[in-house]
Every structure is written in structure tokens, then in C-alpha cells.
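1. got a predicted structure plus its sequence, pasted below:
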Amino acid sequence: MVQAKKWTLIKLFDGFPKHSDFQLKEEKLPEPTDGQVLLEAVFLSVDPYMRLLSKFGMKEGDVMIGSQVAKVIQSKNKAFPVGSHVVANCGWRTHTVCNEKDFVPLITPWPKDISLSLALGTVGMPGLTAVYGLEEVLELKQGETLLVNAAAGAVGSLVGQIAKIKGCKVVGSAGSDAKVAYLKELGFDVAFNYKTVGSLEETLKKASPEGYDCFFENVGGPSSTVALAQMKTFGRIAVCGNISTYNDTAPQTGPFPQMVILMKQLKMEGFVVYRWMHKNEETLKRLMAWVKEGKVKYPEHITKGFENMPTAFMGMLRGENTGKAIIAI
Ligand code: NDP
């Protein structure tokens, strides 16, 4: 019988998460039955959506939501033998008895020299988000100018690199000088630290005096208002995230964007990555090919130890990560 550890949310977040909101618990797991497997976590992910979705449907006592790369250590399912790896959506847990609907196989073949942790980042959900936002929502074209914020994170760092592959000019913002230096290494044409820049309006104008065709929005809040005003006529905005508002206890109010959307005839569309699930296999293979060809770099911010999951989660929300925030067991 396996003893699992799990992190539960004992107090719904009120503002920025605190250590006291989480509790580490243990439980004995039953043996897997027909069709089930017993999984052991190898890498776990901490993502902004965990903070966002905690407001919608999580209750006190629930296991923290999330995905992991896990190894099958007992199997009653021939398709997933002992020793194989999957991406499982089973929350912050070291061990889980899972049904097939709760996990997906890794793409095959997975190259031996590529860490399996990429299945939670560049060759996983954040990678898919970057591709679908750029291709399906923005329909980014060669020669266009793209603005992306939270640009040194899991999604943003890939958005900028893929836009460069597509022959675009890329302007990105991030929250430290070290991140800005890294964005320049990744090939961003202009990168700036939004915390120290002074006037965001002047910075955006200087970076692209003719304006922006596309804006990949990860942050939201007042900086959005400034960015929208710098769009070209008929500019397109993909609303991927709103991380600057996830910890708010009261909704932020205007200025409201309708007037600038009207006057510049902008097109603004929110999206959730799961809309294009039917394309995931092909897209993941494309992302893996870019990784293998060295066309995209895949920064990771790795925290060791399951016991440090809340620390890693809060660190990611504070901006401590460059690239994908991962917990290695
Ligand atoms: P990141 O790896 O980018 O980590 C979050 C980053 O957000 C931090 O590193 C920090 O970087 C930045 N940040 C935090 N607070 C603020 C703030 N107040 N203002 C500006 N930046 C802030 O996370 P992901 O790449 O996983 O996610 C990026 C965005 O994409 C999020 O908004 C997320 O919700 C969204 N998302 C949406 C999906 C969809 O289907 N629509 C799927 C996946 C992600 P810094 O140091 O630069 O401040």
C-alpha cells in the first residue's frame, strides 16, 4: 500500500496567497483496479491559473489543482505499462490512483536528451497556449510588430521566440533587468523592465513608433489601457491572461477600453488553450521539433522538493521565475 502526500487548500485565498492557506496531508491509497494506474509524480507544475481558478469552483479542503509528469509504478491498463510516463491532471499529489481520462501520454518518441519537465512547459500546455494565441487568435503574419507582456515567463518567452521564427518584430516587457537581458538573448528586438521604465507610453512609442499590429496580453490592468492606445488601426489583441488582477480582492475599475477599440477598430479576443485540443498532437510535435532544432530555448525555474510547492507557487506569482516554474521531486 502506497502512502501519498497531497497539498490541500485549507483556506480560500484572500489577496496574495499565504503559507497558512495550504496544508500538507498524507493518505493511504487503494490498489488500482481494472483500467487504472498508480502514478508517482516526477515533475509538478505551478501556474497562474491555479490562483485564478481557485476563485471559481475550489472549496476549502480541496487538493490544489494542477498537472504533473508522472511515472506509472503499478498498472492495470495495458496501454500504460509500469515505467511509462504520462501528463496527469491530478493536482498537487505525490502519488495518485488514476483513470485513463485523467492523463495523456507524452508525445512519442520523447528524445532521451530532453527533460520530461518540458511536457509541462514548452512542449506542454504553455507551449500550446503560445502557438494557439499567435496562430489561431492573432493570425500573426510575417513582418508584423508584436507586443507581449510577462514576456520572460513560460508562455511569454515562447510567444516572443515563435514570433521571431515567423519573421516579426517583437517587443516584450518583464519585471527585472535580468529578465530583460534574457529576453534580448532570446532574440527579442526590444525588451524593457516595466517596473523601472518610468513612462510605459513613451517606452512603447519609442520601441515601435508606428505602433503594434498584435498584442499578446498576459497581464491586464492599467498597463493594458496604455498598450491599447499604442495599437495600429485594425490591431489585434489576444487576451491570454490577466495576472495583475488575480490576487485582487475587489475588481479594478476603468479607464474603459471601448473608445480606443472603436476609434482604432481593434479586434480583441479572449481564448482558453483547450479550444484547440484536437490540434494538440500536431502542435506538440511542432514545438518539440523547434526545441530539437535549437530554434527555441526553454528556460525553466526549478524548485526541488514536493514540500516546497506553496513556496514555488507564490514565488511564481511574485515573478521569481524566468521561464517555466517547475517542481522536481
Ligand atoms: P509565467 O511563467 O509568465 O509566470 C507568471 C509571471 O507573471 C511572473 O513571472 C511575473 O513576471 C508576471 N507577473 C506577476 N504579477 C504581475 C503583475 N502584477 N504585473 C505584470 N506581471 C506580473 O506564467 P505563465 O506563462 O504560465 O502564464 C502567463 C499568463 O498566461 C498568465 O496570465 C496566465 O494566466 C495565462 N495563461 C492563459 C492560458 C489560456 O488558456 N488562456 C493558458 C496558460 C496561461 P514579471 O517578473 O515579469 O512580473
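-> Okay, I see it. Residues are numbered from 1 along each chain as shown.
2. who touches the closest residue to the ligand within the stretch 201-329 of the chain in this structure?
-> Using Cβ to the nearest ligand atom, the single residue of the stretch 201-329 of the chain nearest to the ligand is residue 241, 1.8 Å away. The C-beta positions use only the backbone N, C-alpha and C, and glycine is treated the same way. Residue 241 makes contact with 48, 150, 155, 217, 218, 219, 220, according to Cβ atoms under 8 Å, 6 or more residues apart in numbering.
3. element containing the nearest residue to residue 144 once chain neighbours are set aside, please.
-> Leaving aside its chain neighbours, residue 144 sits nearest to residue 213 (3.9 Å; criterion: Cβ to Cβ, 6 or more residues apart in numbering). For residue 213, the host element (DSSP states H and E) is strand 212-217.
4. keep the contacts of residue 241, but drop any that are not near the ligand.
-> 48, 150, 155, 218, 219 (Cβ under 6 Å from any ligand atom).
5. for the second one, helix, strand, or coil?
-> Put simply, residue 150 is coil when judged by DSSP: H, G, I helix; E, B strand; the rest coil.
6. circling back to that earlier point, contact partners for the residue nearest to residue 144?
-> Residues in contact with residue 213 (Cβ under 8 Å, 6+ apart) are 140, 141, 144, 145, 146, 231, 232, 235, 236.
7. roughly how far apart are it and residue 170?
-> Distance from residue 213 to residue 170, counting by Cβ to Cβ, to the nearest Å: 11 Å.
8. quick check: neighbours shared by these two?
-> In contact with both residue 213 and residue 170: 145, 146, using Cβ under 8 Å, 6+ apart.
9. and the residue nearest to residue 99 when sequence neighbours are not counted, what pLDDT?
-> Closest residue to residue 99 apart from its sequence neighbours, by Cβ to Cβ, 6+ apart: residue 36 at 5.8 Å. Looking at residue 36, its pLDDT stands at 97.
10. what parts of this structure come near the ligand?
-> Counting by Cβ under 6 Å from any ligand atom, the residues of the chain that sit close to the ligand are 47-49, 52, 126, 129, 150, 152-156, 174-176, 179, 218-219, 240-244, 271-273, 316-317, 319, 321, 325.
11. among those, which are in helices?
-> Applying DSSP state H to those, the entries found in helices are 48, 49, 52, 126, 129, 154, 155, 156, 179, 316, 317.
12. per-residue confidence at the residue nearest to residue 144?
-> Predicted confidence (pLDDT) at residue 213: the value is 99.
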